[in-house]
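Novice: fold the following, please.
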Amino acid sequence: MSELALLGGTPLIREPLTPYRSIGEEERRAVDAVLRSGMLSGYVGAWCEAFNGGPVVRELETEWAKTFGCRHAIAVNSNTSGLIAAIGAAGISPGDEVIVPPATMSATAMAPIFYGGIPVFADIETDTFCLDIDRVEEAITPKTRAILAVNLFGHPARLHELRALADRRGLILIEDNAQAPLAHEGGRFAGTIGHIGVFSLNYHKHIHTGEGGICTTDDDRLADRLRMIRNHGENVTEELAAGNLTNIVGYNFRLTEMSAAVGIEQLKKAEELVSGRERVGQDLSLALGAFDGMTAPMVRAGCRHVYYLWAGRFDADRMGISRELFARALEAEGVPVSLGYVKPLYLLPLFQKRIALGRDGFPFTLTNRTYAPGLCPVAERMYEKELFELFVCSYEFAPAELSLVIDAFAKVYEKRELLGSAAAQ
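Specialist: Numbering: from 1, shown residues only. Have a look, this model is predicted:
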């Protein structure tokens, strides 16, 4: 192979990779129909038929529930909004503890704080990067009220085990399923095994509406509470609250009719879109997992991994060079990679300084939980040393481009000793 681009050679990939695009003419026609109807949003923040939105939003919810085999689907304007609504619907109150993973988008751990809940971090599994159920069980105290599991990178957490643990201990299990639409465990879709699931329709997900989200549940009471929190629920407590006013201070988390129209069309081709990302992830695993020092993502028996991103583990000792140097060489060849995903969330200033809502740091005044470095050693090790990612939902990765990406990995891998020697000079 030619000289490494990082050492003065020609990059293997000379043009930027093609962005992943899932929007087509079907979505454009659907949005045009909404525009021509004149009803861009159908919500009214008072008790009436329109309290639950316009006809397109309700159609999206109906079709989503059919697709995922759940009793209720509640559209919201983002996965973040859905997480806040789910925590509220679960009845989280000041001082209640919610167990969360440290390796996730920050909104997961922020959601409990809106209600005065205390995020309690439990470490992750080495192989799937999802919550370690043994660490979850160790973290449960009399103050624990919920577990918020993330189906990270497109692979399900140990959802059936977590649901059994939650039921046994009288807790609510919420799934942050932003990255794993159509993933499944044991024949059931991720996002439908917990008491509440939350899906993302953000623009860089498998299927999207630009911004948006869906909450799912089989529980009628939780569904009513989700709908009230979504849309100024304080106005409809006589009709829907059944005497339980906890957290029914409503937000405006409403999805527009235009976004819902896009969502309906995306849902129709969801399997095709998700399968395409799955194939890319599997091809990357087959090729990159063959390199000594690179471990491909694990797929547990009975699970479907849908590869929001490809997250391998890098072993610098076996590679003979650092993760950072290997990544720099790949980027010079034209391969966009990422390292570590996110810093463990308890290391953010918000947790280290214990300042969130209010000048006195509420809700951290209600807990003696520690957020010290070393709290979740697996998550810290993954962030600092091992995680190595390609964002599968960011690029098209058509066969010719995917082949170039794999060739670039092979080029850097085969010349890694030369790369290490040059770096040492």
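Novice: next, the nearest residue to residue 270 once chain neighbours are set aside: phi, psi?
Specialist: Using C-beta to C-beta, 6 or more residues apart in numbering and skipping the chain neighbours, the partner closest in space to residue 270 is residue 207 (5.1 Å). The C-beta positions use only the backbone N, C-alpha and C, and glycine is treated the same way. Torsion angles at residue 207 (phi, psi; degrees, to the nearest 10) stand at phi -130, psi 150.
Novice: report how many residues lie close to residue 207.
Specialist: Look at residue 207: counted by other C-beta atoms under 10 Å, it has 25 neighbours.
Novice: what residues does the helix or strand encompassing residue 258 touch?
Specialist: For residue 258, the enclosing helix or strand under DSSP states H and E is helix 257-268. Applying C-beta atoms under 8 Å, 6 or more residues apart in numbering, the contact partners of helix 257-268 are 22-24, 26-27, 30-31, 33-35, 37, 39-42, 53-57, 59-60, 63-64, 67, 75, 77, 201, 207-212, 255, 273.
Novice: list the ones among those that fall in helices.
Specialist: Among the contacts of helix 257-268, DSSP state H puts 26-27, 30-31, 33-35, 37, 55-57, 59-60, 63-64, 67, 273 in helices.
Novice: pull out the buried residues from those residues.
Specialist: 27, 30, 31, 34, 56, 57, 59, 60, 64, 67, 273 (16 or more other C-beta atoms under 10 Å).
Novice: including pLDDT, could these go into TSV?
Specialist: Formatted as TSV, these follow (pLDDT from 0 to 100):
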residue	pLDDT
27	98
30	98
31	98
34	98
56	98
57	98
59	98
60	98
64	98
67	98
273	98
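Novice: okay, these in JSON lines with distance to residue 13 next?
Specialist: Below are those laid out as JSON lines (distance: C-beta to C-beta, whole Å):
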{"residue": "27", "distance to residue 13": "30"}
{"residue": "30", "distance to residue 13": "35"}
{"residue": "31", "distance to residue 13": "34"}
{"residue": "34", "distance to residue 13": "40"}
{"residue": "56", "distance to residue 13": "41"}
{"residue": "57", "distance to residue 13": "42"}
{"residue": "59", "distance to residue 13": "42"}
{"residue": "60", "distance to residue 13": "38"}
{"residue": "64", "distance to residue 13": "38"}
{"residue": "67", "distance to residue 13": "36"}
{"residue": "273", "distance to residue 13": "24"}
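Novice: of these, closest to residue 194?
Specialist: Nearest to residue 194, judged by C-beta to C-beta, of those is residue 64 at 16.1 Å.
Novice: show me what contacts that closest one?
Specialist: By C-beta under 8 Å, 6+ apart, the contact set of residue 64 is 73, 75, 214, 216, 263, 267.
Novice: any idea how far the second one lies from residue 208?
Specialist: As for residue 75, its distance to residue 208 is 13 Å (criterion: C-beta to C-beta, to the nearest Å).
Novice: how about the fifth one?
Specialist: Applying C-beta to C-beta, one obtains 8 Å for the distance of residue 263 from residue 208.
Novice: of the two, which one has the most company?
Specialist: Shown here are residue 263 and residue 208; by other C-beta under 10 Å, residue 263 has more neighbours (30 against 22).
Novice: gap between the more buried one and residue 32?
Specialist: Distance from residue 263 to residue 32, by C-beta to C-beta: 15 Å.
Novice: could you do residue 230 as well?
Specialist: For residue 230, the distance to residue 32 equals 26 Å [C-beta to C-beta].
Novice: higher neighbour count, those two?
Specialist: Neighbour count, other C-beta under 10 Å: between residue 230 and residue 32, residue 230 has more, with 29 against 12.
Novice: how close does the more buried one get to residue 255?
Specialist: As for residue 230, its distance to residue 255 is 9 Å (criterion: C-beta to C-beta).
Novice: now do the buried residues in the helix holding residue 258.
Specialist: Buried, per 16+ other C-beta under 10 Å, within helix 257-268: 257, 258, 259, 260, 261, 262, 263, 264, 265, 266, 267.
Novice: do the same with stretch 216-233
Specialist: Neighbour counts using 16+ other C-beta under 10 Å place 216-218, 222-233 of stretch 216-233 among the buried residues.
Novice: one more: stretch 187-203?
Specialist: Neighbour-count burial for stretch 187-203 [16+ other C-beta under 10 Å]: 188-202.
Novice: can I get that stretch in PDB, CA atoms only?
Specialist: Below are the C-alpha coordinates for stretch 187-203, written out as PDB (Å, rounded to 0.1, in the frame of the first residue of the first chain):
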ATOM      1  CA  GLY A 187     -38.400 -11.500  20.400                       C
ATOM      2  CA  ARG A 188     -39.600  -8.200  21.800                       C
ATOM      3  CA  PHE A 189     -38.700  -4.700  20.500                       C
ATOM      4  CA  ALA A 190     -36.400  -2.600  22.500                       C
ATOM      5  CA  GLY A 191     -38.400   0.300  23.800                       C
ATOM      6  CA  THR A 192     -41.400  -1.900  24.700                       C
ATOM      7  CA  ILE A 193     -40.000  -4.100  27.500                       C
ATOM      8  CA  GLY A 194     -39.800  -1.400  30.200                       C
ATOM      9  CA  HIS A 195     -42.800   0.300  31.700                       C
ATOM     10  CA  ILE A 196     -42.100   3.300  29.400                       C
ATOM     11  CA  GLY A 197     -39.900   3.500  26.300                       C
ATOM     12  CA  VAL A 198     -38.600   6.600  24.600                       C
ATOM     13  CA  PHE A 199     -37.600   6.800  20.900                       C
ATOM     14  CA  SER A 200     -35.800   9.600  19.100                       C
ATOM     15  CA  LEU A 201     -36.700  11.000  15.700                       C
ATOM     16  CA  ASN A 202     -33.800  13.400  15.700                       C
ATOM     17  CA  TYR A 203     -32.200  14.100  12.300                       C
END
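Novice: so what's residue 43 up against?
Specialist: Counted by C-beta under 8 Å, 6+ apart, residue 43 has contacts 50, 51, 53, 54, 57, 231, 254.
Novice: TSV for those residues, including distance to residue 349?
Specialist: Formatted as TSV, the contacts of residue 43 follow (distance: C-beta to C-beta, whole Å):
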residue	distance to residue 349
50	42
51	39
53	38
54	41
57	38
231	33
254	32
